[in-house]
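Engineer: sequence? don't have it. structure:
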């Protein structure tokens with residue numbers, strides 16, 4: 001298929017050469033949405049989004065102080081603003097997050113995976129779970145994994161390994177210090193390509209910089225309301241990406257919005 005601006009949106013053979021795979025063309029560009037060719041069966045429809053969510057708009061513009069901007073590409077890796085809201089639970093046994101654009105349209109989710117029943121019981125009765133290995137999947141709007149995050153067991157400092165679903169390494173996010181304002185190094189292919197810098201000792205807001213120490217993105221924790229703060233474990237964040245980033249920095253920046261929470265929220269020092 002030769003793609004032009006007048007080509008209607010729909011499912012077409014993957015131009016990247018994947019065998020028996022269809023990829024969604026949104027009318028302007030190829031998206032990240034793919035599925036196996038159904039051999040004549042109708043392709044799944046891209047979910048239709050509801051109208052703008054005013055609560056999310058307030059979270060982005062009023063609480064995070066991010067000015068409204070034009071629409072992005074409609075995916076986890078093409079939107080300038082990602083809103084990450086943790087599912088509110090009285091007792092948190094599994095980390096779950098909803099990822100939306102600045103209008104409240106769902107782009108994907110993050111789910112903790114690989115937990116046994118024993119691990120959930122242990123998390124309920126003791127705080128030792130914070131030191132054990134955590135695994136999360138970042139999934140697109142269709143529920144397909146796009147990034148895998150693994151935080152190996154830790155004592156003081158966290159390290160998060162980021163890979164593609166096929167196991168291809170993307171990079172690592174490595175905690176640099178224990179006391180004071182927490183910083184993380186963003187590493188790929190054996191070198192540091194960026195950093196995440198907490199702006200206060202409670203590690204609520206972070207500046208993300210590239211290898212030249214230029215800010216490329218920002219994470220802001222937003223207040224979830226008195227009731228949620230007192231009675232649930234939910235945490236909400238806004239990730240603002242200042243401009244289109246190259247890979248693998250883009251994938252690692254997207255991963256940081258979840259990594260920071262996983263690395264610090266249950267830390268015994270009370271950070272986050």
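Structural biologist: Happy to help now that I have it. Worth saying up front: this structure is predicted, and the values here are computed from it rather than measured. Numbers count the residues shown, from 1 in each chain.

Engineer: How much space separates residue 65 from residue 12?
Structural biologist: For residue 65, the distance to residue 12 equals 40 Å [C-beta to C-beta, to the nearest Å]. For the C-beta atoms, the positions are set from N, CA and C on the backbone; glycine is no exception.

Engineer: Work out for me the element residue 98 sits within.
Structural biologist: For residue 98, the host element (DSSP states H and E) is strand 96-100.

Engineer: In its sheet, which strands sit next to that strand, and in what direction?
Structural biologist: strand 81-86 (antiparallel), strand 106-113 (antiparallel) (DSSP bridges).

Engineer: Save those as TSV, and put in mean neighbour count and distance to residue 185 too.
Structural biologist: Listed next are those as TSV, based on neighbours: other C-beta atoms under 10 Å; distance: least, C-beta to C-beta, whole Å:
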stretch	mean neighbour count	distance to residue 185
strand 81-86	24	21
strand 106-113	19	22
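
Engineer: So for the strand holding residue 98, mean pLDDT?
Structural biologist: For strand 96-100, mean pLDDT rounds to 87.

Engineer: Who has more neighbours out of residue 65 and residue 12?
Structural biologist: When residue 65 and residue 12 are compared for neighbours, residue 12 comes out ahead with 16 against 12, by other C-beta atoms under 10 Å.

Engineer: is it true that the more buried one touches residue 21?
Structural biologist: No. Using C-beta atoms under 8 Å, residue 12 makes no contact with residue 21, being 10.3 Å away.

Engineer: quick one: the strands in the stretch 151-272 of the chain?
Structural biologist: 159-163, 169-175, 183-188, 191-198, 205-210, 215-222, 236-241 (DSSP state E, counting those that start in this stretch).

Engineer: With respect to burial, which of the ones you listed scores highest?
Structural biologist: Comparing the strands of the stretch 151-272 of the chain by mean neighbour count (mean count of other C-beta atoms under 10 Å), strand 236-241 ranks first with a mean of 23.

Engineer: relative to strand 81-86, how tilted is that one?
Structural biologist: 160 degrees (axes from the mean of the first three to the mean of the last three C-alpha atoms, to 10 degrees).

Engineer: hmm, back to that, could you redo the strands of the stretch 151-272 of the chain as CSV and give each row mean pLDDT and distance to residue 95?
Structural biologist: CSV is the format used below for these (pLDDT from 0 to 100; distance: least, C-beta to C-beta, whole Å):
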stretch, mean pLDDT, distance to residue 95
strand 159-163, 94, 13
strand 169-175, 95, 16
strand 183-188, 95, 18
strand 191-198, 95, 19
strand 205-210, 94, 18
strand 215-222, 91, 16
strand 236-241, 90, 13
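
Engineer: would you turn those strands into JSON lines with distance to residue 98?
Structural biologist: Formatted as JSON lines, those follow (distance: least, C-beta to C-beta, whole Å):
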{"stretch": "strand 159-163", "distance to residue 98": "20"}
{"stretch": "strand 169-175", "distance to residue 98": "21"}
{"stretch": "strand 183-188", "distance to residue 98": "24"}
{"stretch": "strand 191-198", "distance to residue 98": "22"}
{"stretch": "strand 205-210", "distance to residue 98": "20"}
{"stretch": "strand 215-222", "distance to residue 98": "14"}
{"stretch": "strand 236-241", "distance to residue 98": "10"}
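
Engineer: Tell me which of the ones you listed sits nearest to residue 251.
Structural biologist: strand 169-175 (5.1 Å; C-beta to C-beta).

Engineer: follow-up on the earlier one: out of the strands paired with strand 96-100, which is closest to residue 214?
Structural biologist: Of those, the one closest to residue 214 (C-beta to C-beta) turns out to be strand 81-86, at 19.1 Å.

Engineer: For that closest one, what does the pLDDT average out to?
Structural biologist: For strand 81-86, the mean confidence score works out to 87.

Engineer: Stretch 135-152 now?
Structural biologist: 91.

Engineer: Show me the contact partners of it.
Structural biologist: 32-35, 44, 46-47, 75-77, 95, 99, 106-114, 133-134, 158-165, 170, 251, 254-255, 258-259, 262-263 (C-beta atoms under 8 Å, 6 or more residues apart in numbering).

Engineer: Ends of that stretch, what's the gap?
Structural biologist: One end of stretch 135-152 sits 8 Å from the other (C-alpha to C-alpha, to the nearest Å).

Engineer: What residues of it count as buried?
Structural biologist: 135-141, 145-149, 151 (16 or more other C-beta atoms under 10 Å).
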